[in-house]
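Trainee: Here is my input, please return the structure:
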Amino acid sequence: MAEETKSKRFNFWGAFKNVAIIFSFTVNFILVLVLLLSPGPIFMAKNQIAEPLLNKLDAAFMGLGETVISQTVPVNTTMPISFTLLLKQDTNVILVTPVPLQAPATFYLPGGGGAINGTVSLNLPTGMTLPVNLNMNIPVSKTIPVVIDVPVRLNLSEAGMQSAIDELRAVFSPINVTLQSLPDSPEEILNPQ
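Mentor: Next comes the predicted model:
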């Protein structure tokens, strides 16, 4: 009798497993059909969320490559300057005040009378024009203030960003191509062209 009870339990368990498997398969099959035949969440997610999102991302990356940054940069600093200026030219100088001159001189007496050493003093008058030959090196060393507004115009693609932008677009391109190849509705699955 014990074996008979054991055999009935085993048959009951086996029958239950078979019914559960068939029931699970049937429920899963019905759910898959409902999802495929309803224009619900899957196609809505593809058509209204994923495709627009990927298209906007691609457009944003393209727009980034066409972006031009225009800005005025204020510069307020000092700049040291140090050089030697060679000044070499002939010019005329007009005296604006009398210029006193005093120079040593030697006077020779006629007829072999000898020489006398002395000093000559004279005044060059105001308004007198003197020819001058300038030939000199003038050292220049100064710090000058620099205050300017510098307009800056930077095209991101020309500034080396285009390769990074192309790489960003390439990351999303396979996803976009795959998404575009998926059907838009259950009708496309049931009636392929």
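
Trainee: show me where pLDDT drops low in the protein?
Mentor: Flagging of the chain using pLDDT under 70 yields the residue ranges 1-11, 34-43, 185-193.

Trainee: try it again with 90
Mentor: 1-70, 87, 107-114, 153-193 (pLDDT under 90).

Trainee: what are the ranges of the helices in it?
Mentor: 2-37, 41-44, 51-65, 162-181, 186-190 (DSSP state H).

Trainee: Could I get those helices in a markdown table, plus columns for mean neighbour count?
Mentor: Placement of C-beta: from N, CA and C, glycine included. Listed next are the helices of the chain as a markdown table, based on neighbours: other Cβ atoms under 10 Å:
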| stretch | mean neighbour count |
| --- | --- |
| helix 2-37 | 10 |
| helix 41-44 | 14 |
| helix 51-65 | 14 |
| helix 162-181 | 13 |
| helix 186-190 | 13 |
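
Trainee: Quick one: closest of the ones you listed to G114.
Mentor: Nearest to G114, of all these, is helix 162-181, at 95.5 Å by Cβ to Cβ.

Trainee: picking up where we left off before, let's have the helices of the chain in JSON lines, adding distance to V140.
Mentor: Listed next are the helices of the chain as JSON lines, based on distance: least, Cβ to Cβ, whole Å:
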{"stretch": "helix 2-37", "distance to V140": "85"}
{"stretch": "helix 41-44", "distance to V140": "77"}
{"stretch": "helix 51-65", "distance to V140": "48"}
{"stretch": "helix 162-181", "distance to V140": "45"}
{"stretch": "helix 186-190", "distance to V140": "82"}
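
Trainee: Tell me which of the ones you listed lies nearest to S82.
Mentor: Of the helices of the chain, nearest to S82 by Cβ to Cβ is helix 162-181, at 41.8 Å.

Trainee: who does that closest one touch, helix- and strand-wise?
Mentor: Here helix 162-181 touches helix 51-65, going by 3 or more Cβ pairs under 8 Å, 6 or more residues apart in numbering; DSSP states H and E.

Trainee: Show residues contacting the helix it packs on.
Mentor: Helix 51-65 is touched from outside by 156-157, 161-162, 165-166, 168-169, 172-173, 175-176, 179-180, with contacts defined as Cβ atoms under 8 Å, 6 or more residues apart in numbering.

Trainee: Turn these into CSV, columns for distance to V73.
Mentor: Output for these, formatted as CSV (distance: Cβ to Cβ, whole Å):
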residue, distance to V73
L156, 17
S157, 21
M161, 19
Q162, 24
I165, 24
D166, 29
L168, 28
R169, 31
F172, 35
S173, 37
I175, 40
N176, 39
L179, 43
Q180, 44
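
Trainee: which of these lies closest to A20?
Mentor: Distances from A20 to those, taken by Cβ to Cβ, are shortest for L179, at 37.5 Å.
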